[in-house]
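1. structure here, sequence nowhere to be found:
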């Protein structure tokens, strides 16, 4: 393929994404920064585009997602979380075990492979779960479909429930793409990202590109030693490369496979949401919080949308934030070993 044709395909890919992402954000679709490039990538892949993001661009993108996770985790660690740490650990552990148990059952039934079931149903950090699934031998395309359908279903159910219990949920204004640049924070982000790249390359541990900046950065932020910041355009570029990489790998046959699996995917997502809703009801009784707070604290994924909803209705937002963030941390720490173990048990 000539450089001119490749350049034209890249131009179409970038321009279509630049239209898709703001459109999705405008109508309030969750995870638009990743879902937009994913959808455009699928369309271009089906159209026969032969381009793929460079490996170094993907590696750097995973480090940026890790830095975003670090900012979310580190800023949430505080008195509100530490005061209820045993309860929050129990909530996060129960959610993780529920998702892993469901994944094990579905894998035993032959619905999905072990690694695909575990990573697809992992409750949180969709971009990281797709990346880790690929490293653990799962089908990244199927994991992406499961993850983002679940996010849409979780968000829709949370909005509907909040509307029934408290009234309409207002749509938040779109954030600026060009906020004031925080150079010290950007340099700290670059340092964390560089650490992730070095670990991934030096130790031949690809998942380290995501895990090292995420966990090390969160610890440093919680200790007050650093304040990294990821500009919106940089985050959009990182999500864009990851979404394109998954989407461009779709062919007509793989899309047909996902379409045939759609009833199983929807059933799996509904089962997971139901399990977590039951856990939320138990949390509301044991922790003396209202039922909506318990539900939002245990919903499996879509953390950005859940926190936006929690900020616009009368719930215990610090409790929700602490529970959601600690669950994501548990997924990052325990997920790889758990997925490997479950995958071995069902093969």
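-> Right, received. Where do you want to start? All of these numbers come straight from a predicted model, not from anything done at the bench.

2. return the distance of residue 224 relative to residue 314.
-> 31 Å (CB to CB, to the nearest Å). (Glycine included, C-beta is placed from N, CA and C.)

3. out of the two, which sits in the busier spot?
-> residue 314 (13 against 8; other CB atoms under 10 Å).

4. just say helix, strand or coil for that one.
-> coil (DSSP: H, G, I helix; E, B strand; the rest coil).

5. so which bits of stretch 218-232 are buried?
-> Going by neighbour count (16 or more other CB atoms under 10 Å), the buried part of stretch 218-232 is 218, 220, 221, 222, 226, 228, 229, 230, 231.

6. first to last residue in it, what's the distance?
-> 19 Å (CA to CA, to the nearest Å).

7. could you check how far it is from the centre of its chain?
-> Centroid separation for stretch 218-232 versus its chain: 19 Å, with CA atoms, centre = their mean, to the nearest Å.

8. which SSE is residue 280 in?
-> In the assignment (DSSP states H and E), residue 280 maps to helix 252-286.

9. in that helix, what's buried?
-> By 16+ other CB under 10 Å, the buried positions in helix 252-286 come out as 254, 258, 261, 265, 268-269, 271-273, 275-277, 279-280, 283-284.

10. which one of those residues is nearest to residue 187?
-> residue 276 (38.9 Å; CB to CB).

11. residues in contact with the closest one?
-> Counting by CB atoms under 8 Å, 6 or more residues apart in numbering, residue 276 touches 95, 98, 123, 298, 299, 300.

12. which pair in these spans the largest distance?
-> Farthest-apart pair in these is 98 and 299; separation 12.0 Å (CB to CB).

13. which of these two has more neighbours?
-> Using other CB under 10 Å as the criterion, residue 98 and residue 299 rank with residue 299 on top: 33 against 21.

14. just the element for the closest residue to the more buried one other than its chain neighbours, please.
-> Counting by CB to CB, 6 or more residues apart in numbering, the nearest residue to residue 299 once its immediate chain neighbours are dropped is residue 154, at 5.1 Å. Using DSSP H and E, residue 154 maps to helix 140-166.

15. that helix: which residues count as buried?
-> For helix 140-166, the buried set under the neighbour-count rule, 16+ other CB under 10 Å, comprises 140-155, 157-159, 161-162.

16. swap in stretch 237-257?
-> Along stretch 237-257, these residues count as buried under the neighbour rule (16+ other CB under 10 Å): 237-248, 250, 254.

17. isn't residue 153 right up against residue 270?
-> Yes: contact criterion CB atoms under 8 Å: residue 153 and residue 270 qualify, at 7.3 Å.

18. returning to what we had before: what about the contacts of residue 276, which are in helices?
-> Within the contacts of residue 276, residues falling in helices by DSSP state H are 95, 98, 298.

19. list just the nearest of those residues to residue 24.
-> residue 298 (26.0 Å).

20. report pLDDT for the residue nearest to residue 120 when sequence neighbours are not counted.
-> Spatially, and ignoring its direct neighbours in sequence, residue 120 is nearest to residue 146 (3.3 Å; CB to CB, 6+ apart). Here, the pLDDT recorded for residue 146 equals 79.

21. how near is residue 146 to residue 267?
-> From residue 146 to residue 267 the distance is 11 Å (CB to CB).

22. give me the phi and psi for residue 249.
-> The phi/psi pair for residue 249 (degrees, to the nearest 10) reads phi -80, psi -10.

23. that one and residue 322: what is the separation?
-> Counting by CB to CB - residue 249 and residue 322 are separated by 37 Å.

24. now swap in residue 329 and tell me
-> 11 Å.

25. between the two, who's got more neighbours?
-> residue 322 (26 against 23).

26. isn't that one right next to residue 87, touching?
-> No: with contact defined as CB under 8 Å, residue 322 and residue 87 do not form a contacting pair (9.4 Å).

27. give me the next element, helix or strand, following the helix holding residue 154.
-> On the C-terminal side of helix 140-166, the closest following helix or strand by DSSP H and E is helix 183-202.

28. now that following helix: buried residues?
-> Neighbour-count burial for helix 183-202, counted by 16+ other CB under 10 Å, picks out 185, 188, 189, 191, 192, 193, 195, 196, 197, 199, 200.

29. so what touches it?
-> Contacts with helix 183-202, where a contact means CB under 8 Å, 6+ apart, come from 59-60, 62-64, 66-67, 70, 205-213, 216-217, 226-231, 234.

30. show me which of the residues you listed are buried.
-> Among the contacts of helix 183-202, those scoring as buried are 59-60, 62-64, 66-67, 70, 206-213, 216-217, 226, 228-231, 234 (criterion: 16+ other CB under 10 Å).

31. quick revisit: which residues are in contact with the residue nearest to residue 120?
-> So residue 146 contacts 112, 116, 120, 121, 265, 268, 269 (CB under 8 Å, 6+ apart).

32. for residue 157, same thing?
-> Residue 157 sits next to 273, 299 when contact means CB under 8 Å, 6+ apart.

33. from residue 33, how far out is it?
-> For residue 157, the distance to residue 33 (CB to CB) stands at 22 Å.

34. ok, residue 158 next?
-> According to CB to CB, residue 158 and residue 33 sit 19 Å apart.

35. can you check residue 84 too?
-> Separation of residue 84 from residue 33 (CB to CB) stands at 31 Å.

36. all set, thanks.
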